[in-house]
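Peer 1: Quick one: sequence and predicted model below, then my questions.
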Amino acid sequence: MAMTSPAAVVERVELTPAAALFRSLGDPARLVIVRRLAVGPARVTDLTAALGLAQSTVSKHLACLRDCGLVTSEPAGRASVFRLAQPALADMLAAAEQVLAATGNAVALCPEWGLDACCPEPS
């Protein structure tokens with residue numbers, strides 16, 4: 001049985017919030033929402049048109065992002081306007097795109113974590 005060093009346990013605990021951040025961005029629709037909000041604020045109807053998803057689905061993704069502290073909303077008449085809570089999130093996405101370009105999108109082909117692992121083809 002392998003022993004885990006106290007330093008390794010502390011490091012894993014310290015990295016837990018980062019892992020949660022990446023899980024919150026682990027859905028392509030949420031990434032599209034974040035990318036769109038990086039351009040500027042948007043209403044749910046704007047995002048629905050951009051994603052081609054049902055309003056209820058977009059609202060659920062926005063709720064997830066809001067619960068994670070990544071987006072904020074403010075009322076605008078009967079609608080709500082959403083914006084990035086952390087502008088650095090746009091920089092992080094740009095950095096991720098650079099990593100994907102540099103690796104030839106190898107992560108998408110990874111048998112453990114790639115697209116086929118998380119999004120199997122329907123049979």
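Peer 2: Noted; the coordinates are in hand. On a predicted model such as this, the values are computed, not experimentally measured, just so you know.
Peer 1: can you pull the contacts of the most centrally placed residue in the chain?
Peer 2: Closest residue to the average C-alpha location of the chain: L25 at 1.7 Å, with Cα atoms, centre = their mean. Neighbouring residues of L25 by Cβ atoms under 8 Å, 6 or more residues apart in numbering: 31, 34, 70. Every residue, glycine included, has its C-beta placed from N, CA and C.
Peer 1: Ramachandran coordinates for it?
Peer 2: phi -100, psi 10 (degrees, to the nearest 10).
Peer 1: before we move on, the earlier item: pipe the contacts of L25 into a markdown table and attach pLDDT and secondary structure per row.
Peer 2: Formatted as a markdown table, the contacts of L25 follow (pLDDT from 0 to 100; DSSP: H, G, I helix; E, B strand; the rest coil):
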| residue | pLDDT | secondary structure |
| --- | --- | --- |
| L31 | 93 | helix |
| V34 | 95 | helix |
| L70 | 96 | coil |
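Peer 1: Can you select the buried ones among these for me in ChimeraX?
Peer 2: The ChimeraX selection below is limited to those of the contacts of L25 classed as buried (16 or more other Cβ atoms under 10 Å):
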select :34,70
